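Chemist: Dropping a prediction and its sequence here:
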Amino acid sequence: MAKLNVKKVKAALGAGPLRGAARPAGRTYEGGAGYGRDLKSELFLLAVTNMVGEQTFYESAGDRDSRYAQLVRAAAVEDPDWTARFLGWLRTGANMRTASIVGAAEFVRGRLLARVPGDGENRRVVAAVLQRADEPGELLAYWISRYGRAVPKPVKRGIADAVQRLYTERNLLKYDTATHAFRFGDVLDLTHPTPAAPWQGDLFRFALDRRHNREDRTVPESLRMIAANGRVRAEGKAALFDPERLESAGMTWEDALSLAGTGVDRAALWTALIPSMGYMAQLRNLRNFDQAGVSDEVAARVAARLADPGEVARSRQLPMRFLSAYRAAPSLRWAYALERALTLSLDSVPALPGRTLVLIDTSGSMNSGFSRDGTLMRWDAAVVFGVALAARCASAKVVSFSDRTTVFRLRKGESVLRAIERFRSEGHFHNGGTDTARAVREHFAGHDRVVILTDEQASHAGSVDKAVPATVPIFTWNLAGYRLGHTPLTVNRWTFGGLTDAGFGMIPLLESGRDGTWPF
């Protein structure tokens, strides 16, 4: 007969994968108690929020990037298997391109400096993070800018492995442009990959001839798309309005617009281009479609694709991308499709029983860029997920906080996009200090859980950890990856990095008594 695991005793909750000190290790930038994390936890939280080279409110771009490089190098020596899996997931699961590329370079650098054997592992890590045809050049550019032109063999071989997989005619036409310091030919010169097939050997030679401006270069018969592209360019504007020719020529929308110049029917041009455009390209160009005046029939086809569940899943776009597109598009004909797409991208947000307190940090430090184009701030991202999570809860109270608080009233049946826009229009963005503990104390009323979306830079005015009983779980989503956090990483206190819908699925697992695990 069970004596301990009985119904009247709630199962003890695990502490999740992140680990840290139970006592403060210093102060946050706002002066609150700051709890340190172990190496893997700090690296994970920084990596999933790190837009390399970007300034944040409390940490300069240079300091942030240096901290990231140091953490990767240390982890690569301490636990290479974990770090290798993490970097692969960072690129394919978290969709963090630059952070994963930099991470792979620093993985190799750290192991070489420590004289750790294992060139094969280094090579596999490099190859794994390179998922787009412009990324071999990106990694080489990073390495040479940091460590000089003596590129080590595992880096070269890992890049060569990726080149075999990524270099195609279409990708050469799309990514081998003069705007890149390292062209396809430069990558081939430095890494010497073996062609995977005869046509790829022809492609390599063509890329090298083009890079070195060899006047006698010809297009081999095997490269039919490149030959077709040349014919379209030679014919000029007249050839740009045939959708089938544009597709067979691998013509990108950027190149077509450049070739068309001014004085052409933009609606007709976009109509010809749309069938061969990728999902993300269509999503990015909704404003251009409207401004050009594409027909409602064409717009309906685009909208149907944007809202297609399979397309949304394959695109791996974060929900914030749909919010950004919604704000950028002048007309409302995209609204339903974008609402549907955003909702589909949040499918893994769980339905939570009981009562949930959702706290959204709208302090001044959250007014830092979350997207590279500057259209979304960290607090935008927090609102997307805070409102979406609350909409799935049996009962939820949503609070915006800084050094004051306001309650955001949910409306039954309201779309997530409309709720997000209402959050802004009703004045729930505060732009003040960060009194997290006060916000929790002020609004906690016997809730079953507390969810906080924040950069964790709480002020000195009280303990976030002690603002609710130890038996009540606090789930923190960290949107910035600063070194110190606002709660210890102990039982019933969890911190997650980055905003992906899958992360919220950990809440019911942890509450059921299971330890959280790394997502890779």
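Modeler: Received the coordinates, thanks. Residues are numbered from 1 along each chain as shown.
Chemist: as a whole number, average confidence for stretch 232-244?
Modeler: Stretch 232-244 shows a mean pLDDT of 91.
Chemist: and it, how far apart are its ends?
Modeler: 11 Å (Cα to Cα, to the nearest Å).
Chemist: ok, and for it, which residues are buried?
Modeler: V232, A239, L240, F241 (16 or more other Cβ atoms under 10 Å). Where C-beta positions appear, they are placed from N, C-alpha and C, glycine not excepted.
Chemist: Which residue ranges of the stretch 51-200 of the chain form helices?
Modeler: In chain order, the stretch 51-200 of the chain shows helices spanning 61-78, 80-92, 97-113, 119-129, 135-147, 153-166, 169-175, 184-191, 198-211, with DSSP state H, counting those that start in this stretch as the criterion.
Chemist: Need the winner for burial among those.
Modeler: helix 97-113 (a mean of 23; mean count of other Cβ atoms under 10 Å).
Chemist: what does the average pLDDT come to for that helix?
Modeler: Per-residue pLDDT over helix 97-113 has a mean of 94.
Chemist: Stretch 386-398 too?
Modeler: Per-residue pLDDT over stretch 386-398 has a mean of 89.
Chemist: Kindly export that stretch (C-alpha atoms) in CSV.
Modeler: This file holds the C-alpha atoms of stretch 386-398, laid out as CSV (Å, rounded to 0.1, in the frame of the first residue of the first chain):
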residue,chain,number,x,y,z
GLY,A,386,0.6,36.3,-22.8
VAL,A,387,-2.8,36.9,-24.5
ALA,A,388,-2.7,33.6,-26.4
LEU,A,389,-1.9,31.6,-23.2
ALA,A,390,-4.6,33.4,-21.3
ALA,A,391,-7.2,32.7,-24.0
ARG,A,392,-6.5,29.0,-23.5
CYS,A,393,-6.9,29.0,-19.7
ALA,A,394,-10.0,28.0,-17.9
SER,A,395,-9.7,31.2,-15.9
ALA,A,396,-7.0,33.8,-16.4
LYS,A,397,-6.2,37.3,-15.2
VAL,A,398,-3.8,39.3,-17.4
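Chemist: what comes into contact with it?
Modeler: Contact with stretch 386-398 is made by 319, 346, 349-360, 407-408, 410, 414, 416, 419-420, 423, 443, 447, 451, 453, 504, as judged by Cβ atoms under 8 Å, 6 or more residues apart in numbering.
Chemist: quick one, domains of this structure?
Modeler: The chain is divided into the following domains under automatic domain parsing: 49-93+96-211, 224-315, 355-511.
Chemist: Which among those domains is found nearest to A329?
Modeler: Each of those was scored for nearness to A329 using Cβ to Cβ, and the closest is domain 224-315 (4.2 Å).
Chemist: and that closest one, how far apart are its ends?
Modeler: Domain 224-315: ends 28 Å apart by Cα to Cα.
Chemist: And for stretch 255-273?
Modeler: Start-to-end span of stretch 255-273 (Cα to Cα) is 11 Å.
Chemist: Show me which positions of it end up buried.
Modeler: Across stretch 255-273, burial judged by 16+ other Cβ under 10 Å covers D255, A256, L257, L259, A260, R266, L269, W270, T271, A272, L273.
Chemist: Give me the contact list for that stretch.
Modeler: For stretch 255-273, contacts defined as Cβ under 8 Å, 6+ apart pick out 173, 233, 236-237, 240-243, 246, 251, 253, 285, 288-289, 291-295, 298.
Chemist: Inside strands: which ones of the residues you listed?
Modeler: Of the contacts of stretch 255-273, none are assigned to strands by DSSP state E.
Chemist: so T495 is in which element?
Modeler: strand 493-497 (DSSP states H and E).
Chemist: now that strand: mean pLDDT?
Modeler: Across strand 493-497, pLDDT averages out at 72.
Chemist: What pairs with that strand, parallel or antiparallel?
Modeler: Strand 493-497 has the following sheet partners, assigned by DSSP bridges: strand 474-478 (parallel).
Chemist: and the strand it pairs with, how far out from the chain's middle?
Modeler: Here strand 474-478 is found 18 Å from its chain centre; the criterion is Cα atoms, centre = their mean, to the nearest Å.
Chemist: how about it as PDB, C-alpha atoms only?
Modeler: Extracted in PDB, the C-alpha atoms of strand 474-478 (Å, rounded to 0.1, in the frame of the first residue of the first chain):
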ATOM      1  CA  ILE A 474       6.100  30.500 -11.000                       C
ATOM      2  CA  PHE A 475       6.800  30.000 -14.700                       C
ATOM      3  CA  THR A 476       9.100  32.800 -16.100                       C
ATOM      4  CA  TRP A 477       9.700  33.300 -19.800                       C
ATOM      5  CA  ASN A 478      12.900  35.200 -20.300                       C
END
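Chemist: can you list the buried residues of stretch 255-273 in a markdown table and add distance to R224, secondary structure and pLDDT?
Modeler: As requested, the buried residues of stretch 255-273 are arranged in a markdown table below (distance: Cβ to Cβ, whole Å; DSSP: H, G, I helix; E, B strand; the rest coil; pLDDT from 0 to 100):
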| residue | distance to R224 | secondary structure | pLDDT |
| --- | --- | --- | --- |
| D255 | 18 | helix | 93 |
| A256 | 19 | helix | 94 |
| L257 | 24 | helix | 93 |
| L259 | 20 | helix | 92 |
| A260 | 24 | helix | 92 |
| R266 | 29 | helix | 95 |
| L269 | 24 | helix | 96 |
| W270 | 26 | helix | 97 |
| T271 | 25 | helix | 97 |
| A272 | 20 | helix | 96 |
| L273 | 20 | helix | 96 |
